[in-house]
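Undergrad: Test case, fold it:
(one chain, ligands or ions: 1)
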Amino acid sequence: MALLIAAPHRETDELARLMVARMPNIDLRTWPEISRAEDIRFVLAWQAPRGLFAKLPGLQAVSSLGAGVDSIISDPEIPSHLAIGRLAGPRLAANMAAYLASMVIARWKDLPGFMRDQQRGRWNQWAPEHPPAIGLLGTGQMGQKAAEVFQSLEFPVHGYSHSGRGPDGVTMHHGDTGLARIAAASDFLINLLPLTAQTRDILNQDLFANMRRGSVLINVGRGEQLIDADLVKALAKGRPACAVLDVFRQEPLPPEHPFWAHPAISITPHCASITLTAEAAELAVESYRRVLAGLDPLGRVDRSRGY
Ligand code: GLV
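TA: Residues are numbered from 1 along each chain as shown. Presented below is the predicted three-dimensional model:
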């Protein structure tokens with residue numbers, strides 16, 4: 001029985017070391033080392049090579065090394081019997097909430113404005129009168145933690161989910177009408193949805209036309225959910241007034257992409273919440289143990305829903 005780490009673009013030596021420390025008898029391989037491929041029962045994957053899962057005859061489960069499973073589910077050759085899970089622990093969700101709170105509060109309180117004032121020796125005393133309305137597209141594990149943080153600041157929080165169910169105290173929306181409503185109700189519209197056929201291109205001109213003048217779009221979901229050209233046109237009209245983007249259709253964002261130089265777009269390099277090695281090692285070993293015991297991997301996803 002073996003576990004394979006297949007994350008070719010990531011440094012995984014420390015992850016492997018911590019996993020071995022937690023499970024000393026583990027037979028752990030790191031791609032491309034897949035000798036005795038039939039022994040591999042579990043793959044820990046992040047942007048794994050296409051077709052890999054179909055080449056492992058004894059494979060029972062695949063887990064994403066992060067929260068998103070889109071790059072696993074989109075592999076056309078993935079066998080239908082495989083259980084798919086994900087590793088999204090409380091610290092991953094807390095880090096995402098911290099990123100979102102920092103982006104929202106810096107803009108709400110206009111921190112860059114105070115920095116400019118300081119450079120000019122200008123005393124410009126003011127504070128925003130009203131809390132901003134937050135719209136969370138996606139109220140799963142990440143959205144729930146973000147809702148909790150914004151609620152603790154007494155910000156009104158709206159949520160949008162497929163089912164329309166969400167955390168207590170959050171005004172929930174669903175369906176096409178719900179999407180238009182949450183866009184119209186939010187000063188900060190934050191996308192945390194998983195990438196599925198339904199959410200691809202969801203951040204488009206129709207949605208932007210419903211957003212508030214002066215509002216802010218934050219995309220921490222996936223780049224494929226945003227139509228780049230629609231955003232540039234919408235920014236010119238002030239709905240939204242600016243955007244904070246952490247994820248892109250192509251990563252790293254190509255140097256010639258217009259987003260880099262756009263004055264109303266702030267870019268971070270897909271770092272809003274990065275898998276934490278120690279947390280991932282703990283969850284990965286637990287998930288592997290579960291699969292060996294005939295149980296579901298942690299965070300099992302519903303393949304028909306895509307998340
Ligand atoms: C990051 O994008 C993740 O899916 O964990």
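Undergrad: packing partners for the helix or strand that contains Ala281?
TA: Here Ala281, judged by DSSP states H and E, is contained in helix 277-292. When contacts are defined as 3 or more C-beta pairs under 8 Å, 6 or more residues apart in numbering; DSSP states H and E, helix 277-292 sits against helix 13-22, strand 40-45, strand 61-64. (Glycine included, C-beta is placed from N, CA and C.)
Undergrad: and the helix or strand just after the first one, average pLDDT?
TA: It stands for helix 13-22. Using DSSP H and E, the next helix or strand after helix 13-22 towards the C-terminus is strand 28-30. The average pLDDT within strand 28-30 is 97.
Undergrad: now do stretch 120-134
TA: The model assigns stretch 120-134 a mean pLDDT of 98.
Undergrad: what comes up buried for it?
TA: Buried residues in stretch 120-134, counted by 16 or more other C-beta atoms under 10 Å: Pro132, Ala133, Ile134.
Undergrad: Centre of the chain to it, how far?
TA: 30 Å (C-alpha atoms, centre = their mean, to the nearest Å).
Undergrad: List of residues touching that stretch?
TA: Defining contact as C-beta atoms under 8 Å, 6 or more residues apart in numbering, one finds that stretch 120-134 is touched by 104, 108-109, 113-114, 117, 146-147, 150, 153-158, 185-188, 190.
Undergrad: now the end-to-end length of it.
TA: 32 Å (C-alpha to C-alpha, to the nearest Å).
Undergrad: got the residue ranges for the helices in the stretch 151-300 of the chain?
TA: Using DSSP state H, counting those that start in this stretch, the helices of the stretch 151-300 of the chain run over residues 175-185, 205-210, 228-237, 277-292.
Undergrad: In JSON lines, list those along with mean neighbour count and distance to the ligand.
TA: Shown next, in JSON lines, are the helices of the stretch 151-300 of the chain (neighbours: other C-beta atoms under 10 Å; distance: least, C-beta to the nearest ligand atom, whole Å):
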{"stretch": "helix 175-185", "mean neighbour count": "16", "distance to the ligand": "22"}
{"stretch": "helix 205-210", "mean neighbour count": "17", "distance to the ligand": "21"}
{"stretch": "helix 228-237", "mean neighbour count": "16", "distance to the ligand": "18"}
{"stretch": "helix 277-292", "mean neighbour count": "20", "distance to the ligand": "10"}
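Undergrad: need the ones you listed in a markdown table with mean pLDDT, can you?
TA: Shown next, in a markdown table, are the helices of the stretch 151-300 of the chain (pLDDT from 0 to 100):
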| stretch | mean pLDDT |
| --- | --- |
| helix 175-185 | 98 |
| helix 205-210 | 98 |
| helix 228-237 | 98 |
| helix 277-292 | 97 |
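Undergrad: Let's have these in TSV, adding distance to Val216.
TA: Below are the helices of the stretch 151-300 of the chain laid out as TSV (distance: least, C-beta to C-beta, whole Å):
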stretch	distance to Val216
helix 175-185	12
helix 205-210	12
helix 228-237	11
helix 277-292	29
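Undergrad: Contacts only, for the residue nearest to the spatial centre of the chain.
TA: By C-alpha atoms, centre = their mean, the chain has its centre lying nearest to Gly221, at 4.2 Å. Listed by C-beta under 8 Å, 6+ apart, the contact partners of Gly221 are Leu137, Gly138, Asn191, Leu192, Leu193, Pro194, Leu195, Thr199, Val247.
Undergrad: Pull the distance from stretch 208-228 to the chain's centre.
TA: That offset, for stretch 208-228, works out to 14 Å (C-alpha atoms, centre = their mean).
Undergrad: CA-only coordinates of that stretch in CSV, if you can.
TA: Extracted C-alpha coordinates of stretch 208-228, given in CSV (Å, rounded to 0.1, in the frame of the first residue of the first chain):
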residue,chain,number,x,y,z
PHE,A,208,-21.3,43.7,-13.0
ALA,A,209,-24.3,45.7,-14.4
ASN,A,210,-26.1,44.9,-11.1
MET,A,211,-23.3,45.9,-8.8
ARG,A,212,-23.3,49.1,-6.8
ARG,A,213,-21.5,52.2,-8.2
GLY,A,214,-18.3,52.5,-6.2
SER,A,215,-18.4,48.8,-5.1
VAL,A,216,-15.4,46.5,-5.0
LEU,A,217,-15.1,43.0,-6.6
ILE,A,218,-12.8,40.5,-4.9
ASN,A,219,-12.0,37.2,-6.7
VAL,A,220,-10.4,34.5,-4.6
GLY,A,221,-12.2,31.6,-6.3
ARG,A,222,-10.8,30.7,-9.7
GLY,A,223,-9.6,32.8,-12.7
GLU,A,224,-12.0,30.9,-15.1
GLN,A,225,-15.0,32.4,-13.2
LEU,A,226,-14.1,35.9,-14.4
ILE,A,227,-14.5,37.2,-17.9
ASP,A,228,-11.4,39.5,-18.0
